[in-house]
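Peer 1: only geometry, no sequence info:
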């Protein structure tokens, strides 16, 4: 009658827990890496148990991504983010400019025409903050300065990515860059962010106060989830990533005194849906396009490998250049490496407009895959080294013993 | 790019909480009634904010139904269910036979041919336990004997419905009833139920023991959810409703000592998804087919009204005939009233095989809608009256003060 969605969710959850356990216990790696790898195994490339192209599963996975960034926002502090605002903006700008330029020149060097090369460069610019946020969370390092810089930079980065997409798409349509459109998009993005924070900070205490007085079951967590979903939708309307809206919602709700009344419930839901997002990320990967026994596979591997190197170097250099002392620069640089949806969206727009060809498209997918796999181990390595000023070590945080044993926090008496 | 799923979920949650609050606070009715009514408002019949025909939303709603019955199973006791086994079977058989016969004769009386009338009768047989379970839960009455009889009867009922569907579909295909197919389906259903309980009771303590020793986050609730989804899928494979599998999973897991380690988390997730199921139930209703200003609408209302009356009387008589003393017979009878998916599935199979016409189809939908709306207030009325032997009153249960104030249980220090 319909695709067996319940079974596939069960498989995804099982893959997430087995992969996560393997990574945490034996490989001493963040659980998210195992979730993605087992997602690849469960997906189309290997066993085919999970349909990576199922719209329903993709949308359920998107709910997972939204809940992840909502949870991360809830654990972050708006003032702390503003404190690192300058550093985050710097990291974002440098981390966009360097991969863009380097990607452009690599594509030009391989003989691709300028517009095509611009698209390639643009596709390498936007950091996908999901992986990094999850690794920081796995390491109990969300409260560190580096985590805040990366999260702030990822938001700025998303706004810049939006502008570049508008500009490059205009060029691809053989028109001049429409500066009006670019200005309009930028304005909308900033209006959204400022509006969400300013109105949100005023409205949410009132909303939650009403919710607490409601008799119907679970009103407070429901209102929190509704607020998160509304801001995610608004962000999408402003052409930003929905997860930026979810993050903003988390930041706003973190400031209310009612936070204690819904945080555990939101965590419980996220605990189930976030792993589904990462398994799906793996399941959607089609590794066949990199088959080195075919000519097409070899071309993809060559171009993709080169682009991966510049994508890596570009972001790491951007992170290393962060101003201010006492910051683990490598952690920031590595934290910015992952590319995700935005890069794929660029690539697929380029493909559908016939600006880039199949080989370049596959190469960009390779960059997304490689940056996804390389970030968790590298980030763990960088984050666990002592900082230049002896920054907070993850293991010293009070929650860590509980989380490390895998016990849900809700059990605490 | 795709339908705004996040926004629609936000709207559904908001509708659920507003409708639920309205019902609980001012109308003193179970919250579920308000969720369905506000679902109708948000759906295609009125505002059109929620797409009732969205496959993704339907599947997310199905997850809600599965979680509801899982939660109900977790709060039930297998031995208690077996104790009322005979009564439940009686209620199921009587509650299937009476509406079937009465529906058949009403359709015959209105001049419909025998096969068509058989389909109409069959569509009135299966109780949809979701509404009743939710009302018992809203009233904190899941632990009463009446709740156990209704839940047990609904499981038996589902097996009988499966058999009738096989028999009547065979007749409709102008073949003889294939008694072999009927026997095979019955056997599979019982094999599933027995297998799920026997194997589940042995396997789950081991599974959960392993899960508790896992380091990865939220392993215990994840394993519980995986088990629930697997049994729901298995039930579907055995052609039973997925919720029967979820209920069995809850029953099995309720027996393990590890229950405390995942129950709150499962509740937190259910708190968000269950209301989505009921709002969706409302949103999918198309009230336009009952427009009394059209001739078709009047026909539907007449046939549907007659069928509703026999559907109601049939189940209530079935419940009133329950053997044994000290049972609130009216509560059992009213608890069996709601018809749902199974009736709609019968009707749509009949429609697609051209056995029944549009008017009969719409009339069956009307029965589903009316039984849905009438059950919560009637059931509340029946359940709150003192029982023949002074059965347990809902308000005396320890949880009720907490739930009545709308505070999530997770907050309890």
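Peer 2: That came in fine, so what should we check first? Being a predicted model, the structure only gives us computed values, none of them experimental.

Peer 1: need the helices for the stretch 201-350 of chain A, in chain order.
Peer 2: A:219-237, A:242-254, A:263-283, A:295-320, A:329-335, A:341-352 (DSSP state H, counting those that start in this stretch).

Peer 1: any chance of those helices in JSON lines, with mean pLDDT too?
Peer 2: JSON lines is the format used below for the helices of the stretch 201-350 of chain A (pLDDT from 0 to 100):
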{"stretch": "helix A:219-237", "mean pLDDT": "95"}
{"stretch": "helix A:242-254", "mean pLDDT": "92"}
{"stretch": "helix A:263-283", "mean pLDDT": "93"}
{"stretch": "helix A:295-320", "mean pLDDT": "92"}
{"stretch": "helix A:329-335", "mean pLDDT": "93"}
{"stretch": "helix A:341-352", "mean pLDDT": "76"}
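
Peer 1: between those, which gets nearest to residue B:80?
Peer 2: helix A:263-283 (27.7 Å; CB to CB). C-betas here are computed from N, CA, C, even on glycine.

Peer 1: now the closest one, how far from the centre of its chain.
Peer 2: Its chain's C-alpha centre and that of helix A:263-283 lie 13 Å apart, by CA atoms, centre = their mean, to the nearest Å.

Peer 1: Does anything pack onto that helix? Which helices or strands?
Peer 2: helix A:5-21, helix A:31-42, helix A:55-74, helix A:129-138, helix A:219-237, helix B:219-237, helix B:263-283 (3 or more CB pairs under 8 Å, 6 or more residues apart in numbering or on different chains; DSSP states H and E).

Peer 1: any chance of those in CSV, plus distance to residue B:350?
Peer 2: Output for those, formatted as CSV (distance: least, CB to CB, whole Å):
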stretch, distance to residue B:350
helix A:5-21, 26
helix A:31-42, 39
helix A:55-74, 28
helix A:129-138, 47
helix A:219-237, 38
helix B:219-237, 21
helix B:263-283, 21
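
Peer 1: Out of the ones you listed, flag the one nearest residue A:190.
Peer 2: Nearest of the helices and strands packed on helix A:263-283 (CB to CB): helix A:219-237, 12.2 Å.

Peer 1: tell me the angle the closest one makes with helix B:263-283.
Peer 2: 60 degrees (axes from the mean of the first three to the mean of the last three CA atoms, to 10 degrees).

Peer 1: Quickly check: helix A:219-237 near chain B or not.
Peer 2: Yes: under the criterion of CB under 8 Å from any CB of the partner chain, chain B is reached by helix A:219-237 at A:219-223, A:225-226, A:229-230, A:232-233, A:236.

Peer 1: Would you mind naming what in the stretch 101-250 of chain A lies close to chain B?
Peer 2: Residues of the stretch 101-250 of chain A lying near chain B (CB under 8 Å from any CB): A:138, A:211-223, A:225-226, A:229-230, A:232-233, A:236, A:242.

Peer 1: From those, keep the buried residues only.
Peer 2: For these, a burial check counting by 16 or more other CB atoms under 10 Å in any protein chain shown picks out A:138, A:211-212, A:214-223, A:225-226, A:229-230, A:232-233, A:236, A:242.

Peer 1: For residue A:186, which non-adjacent residue is spatially closest?
Peer 2: residue A:163 (5.6 Å; CB to CB, 6 or more residues apart in numbering or on different chains).

Peer 1: surely that neighbour meets residue A:185?
Peer 2: Yes: using CB atoms under 8 Å, residue A:163 makes contact with residue A:185 at a distance of 6.2 Å.

Peer 1: And those two? Which one has more around it.
Peer 2: Shown here are residue A:163 and residue A:185; by other CB atoms under 10 Å in any protein chain shown, residue A:185 has more neighbours (20 against 17).

Peer 1: so who does that one touch?
Peer 2: A:162-163, A:166, A:239 (CB atoms under 8 Å, 6 or more residues apart in numbering or on different chains).

Peer 1: quick one: low-confidence parts of chain A?
Peer 2: Residues of chain A that meet the criterion pLDDT under 70 lie in A:1-2, A:172-178, A:387-413.

Peer 1: ok, 50 please
Peer 2: A:1, A:390-413 (pLDDT under 50).

Peer 1: Kindly reformat the residues of helix A:219-237 next to chain B as CSV and extend each row with distance to residue A:281.
Peer 2: Output for the residues of helix A:219-237 next to chain B, formatted as CSV (distance: CB to CB, whole Å):
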residue, distance to residue A:281
A:219, 33
A:220, 31
A:221, 26
A:222, 28
A:223, 30
A:225, 22
A:226, 26
A:229, 21
A:230, 25
A:232, 18
A:233, 22
A:236, 19
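
Peer 1: Okay, and the nearest residue to residue A:237 once chain neighbours are set aside sits in which element?
Peer 2: Spatial nearest neighbour of residue A:237, chain neighbours left out: residue A:192 (7.9 Å); criterion: CB to CB, 6+ apart. Using DSSP states H and E, residue A:192 maps to helix A:179-213.

Peer 1: Quick check: buried residues in that helix?
Peer 2: A:182, A:185, A:188-189, A:192-193, A:196-197, A:200, A:204-205, A:207-208, A:211-212.

Peer 1: just checking, residue A:359 touches residue A:296?
Peer 2: Yes: counting by CB under 8 Å, residue A:296 is a contact partner of residue A:359 at 6.8 Å.

Peer 1: which of the two has more neighbours?
Peer 2: It is residue A:359, of residue A:359 and residue A:296, that has more neighbours when counted by other CB under 10 Å, with 18 against 13.
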